[in-house]
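1. Got a predicted structure here, sequence first:
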Amino acid sequence: MRFFLIIKKQILVNLFTIFIFIIIFFIFFTFKDSNSFAIEFSKNSIASSELMEQIANVNKNDEKVAFLTFDDGPTLSTTPKVLDILKEENVKASFFVIGKYVDKHPEIVKREFDEGHYIANHGYDHNNSILYKSRDSFANEIKKTDISIGKAIGIDNYCSRIFRFPNGFMSPNNKVQKKDALKILSELNYVYIDWNCLNNDSVKKYSKEQLLNNLKKSSKDKDILVVLMHDTKDVNDSSLVLKESISYLRSEGYQFKNFYDLFQNIV
């Protein structure tokens, strides 16, 4: 009797092992070829300061890392030039796109995605009066943008998971609404990120040399950079100084990553 109980127990163990293997096999082959945002988060919300700490923790060998980010596109005037330079320099960046411009230029967003750049969310209208009108309005700005991105790149239910507040969370404007917005981001399983380095291309008109000097000053004594630029030419055209900016950061020992690299390492 004991012999049969042992055999029965062994059969159950074997069946359970086969069942687990089938589940693993199914999960692997379901998701291994999917590009519909392969990154999942173990935390639902990360404040910018905490995210910067996470970035720092990624680098175990005292590496200097620069994340190039471009806001407010896509635009016909600037984004293709930025993409050409990034491709030539073999640098992957992250683009915080505005939904209404994605609808106008979906082919540019498709190119960004196909060339390995991260497509993040900057709201649909980039209009604070709409963004902070209500909780529903804030959530819809994010959802509408993700829908536009998904249509552009051919991925259903796309979710970029990363949001950048227009003018940044650090801006003193709409502080009360932003604090409430953090709860909404958490509910949407989103994080946000600001920046700690910039060339001030949206502040006032600068020469190429001044833009580069602004970047040099704001990157000083920092091992991890989240660099803010814009792929528009509303005030300045950062594509005109992008090559020099990349060369400078490389000369300072920085390697370039985008947010795919970041979240694959911190989850």
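-> Thanks, I have the structure now.
2. List the strands paired with the longest strand along the chain, with their directions.
-> Secondary structure of the chain per DSSP state E: the longest strand is strand 64-73. Its sheet considered, strand 64-73 pairs with strand 94-97 (parallel), strand 224-230 (parallel), strand 254-257 (parallel) by DSSP bridges.
3. hey, C-alpha coordinates of the first one in CSV?
-> Extracted in CSV, the C-alpha atoms of strand 94-97 (Å, rounded to 0.1, in the frame of the first residue of the first chain):
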residue,chain,number,x,y,z
SER,A,94,13.5,58.9,-25.4
PHE,A,95,10.8,61.1,-27.0
PHE,A,96,8.1,62.6,-24.9
VAL,A,97,5.5,63.1,-27.6
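4. what does that strand contact?
-> With contact meaning Cβ atoms under 8 Å, 6 or more residues apart in numbering, strand 94-97 is reached by 67-74, 79, 109, 112, 117-122, 145, 149, 162, 164, 231, 258-259. For glycine as for every other residue, the C-beta is placed from the backbone atoms N, C-alpha and C.
5. need the helices for the protein, in chain order.
-> Remark: helices assigned in the chain by DSSP state H are 2-31, 48-58, 79-89, 99-104, 106-114, 128-131, 135-153, 175-187, 208-219, 239-251, 259-266.
6. Considering those helices, which stretch scores lowest in mean pLDDT?
-> Mean pLDDT per stretch puts helix 2-31 lowest among the helices of the chain, at a mean of 39.
7. correct me, but Cys197 touches Ile224?
-> No: judged on Cβ atoms under 8 Å, Cys197 makes no contact with Ile224 at a distance of 9.3 Å.
8. Go through the strands paired with strand 64-73 and pick out the most buried.
-> Mean neighbour count (mean count of other Cβ atoms under 10 Å) peaks for strand 94-97 among the strands paired with strand 64-73, with a mean of 28.
9. what separates it from the chain centre, distance-wise?
-> Here strand 94-97 is found 7 Å from its chain centre; the criterion is Cα atoms, centre = their mean, to the nearest Å.
10. Repeat that for stretch 113-132.
-> 10 Å.
11. What of stretch 66-77?
-> The answer for stretch 66-77 is 11 Å, by Cα atoms, centre = their mean.
12. List the buried residues in it.
-> By neighbour count on 16 or more other Cβ atoms under 10 Å, the buried set for stretch 66-77 is 66-75.
13. Could you report the neighbour count for Asp234?
-> Asp234 has 12 neighbouring residues, counting by other Cβ atoms under 10 Å.
14. Let me see the contact set for it.
-> Residues near Asp234 by Cβ under 8 Å, 6+ apart: 72, 202.
15. repeat for Pro166
-> Counting by Cβ under 8 Å, 6+ apart, Pro166 touches 122-123, 126-128, 131.
16. How much space separates Leu198 from Thr69?
-> The spacing between Leu198 and Thr69, counted by Cβ to Cβ, to the nearest Å, is 10 Å.
17. ok, now Thr75?
-> Thr75 sits 15 Å away from Thr69, going by Cβ to Cβ.
18. Ok, Glu115 next?
-> Distance, Glu115 to Thr69, using Cβ to Cβ: 16 Å.
19. before we move on, what about Leu86?
-> Distance of Leu86 to Thr69, given as Cβ to Cβ: 12 Å.
20. Surely Ile85 and Ser239 touch.
-> Yes: if you go by Cβ under 8 Å, Ile85 and Ser239 touch, sitting 6.5 Å apart.
21. who's more crowded, these two?
-> The neighbour comparison of Ile85 against Ser239 (other Cβ under 10 Å) goes to Ser239, with 24 against 18.
22. my guess is the more buried one meets Leu83, correct?
-> No: assessed by Cβ under 8 Å, Ser239 is found out of contact with Leu83, at 9.3 Å.
23. re earlier: can you say which two of the contacts of Pro166 are spatially most distant?
-> Greatest spacing in these, by Cβ to Cβ: His122 and Asn128 (12.4 Å).
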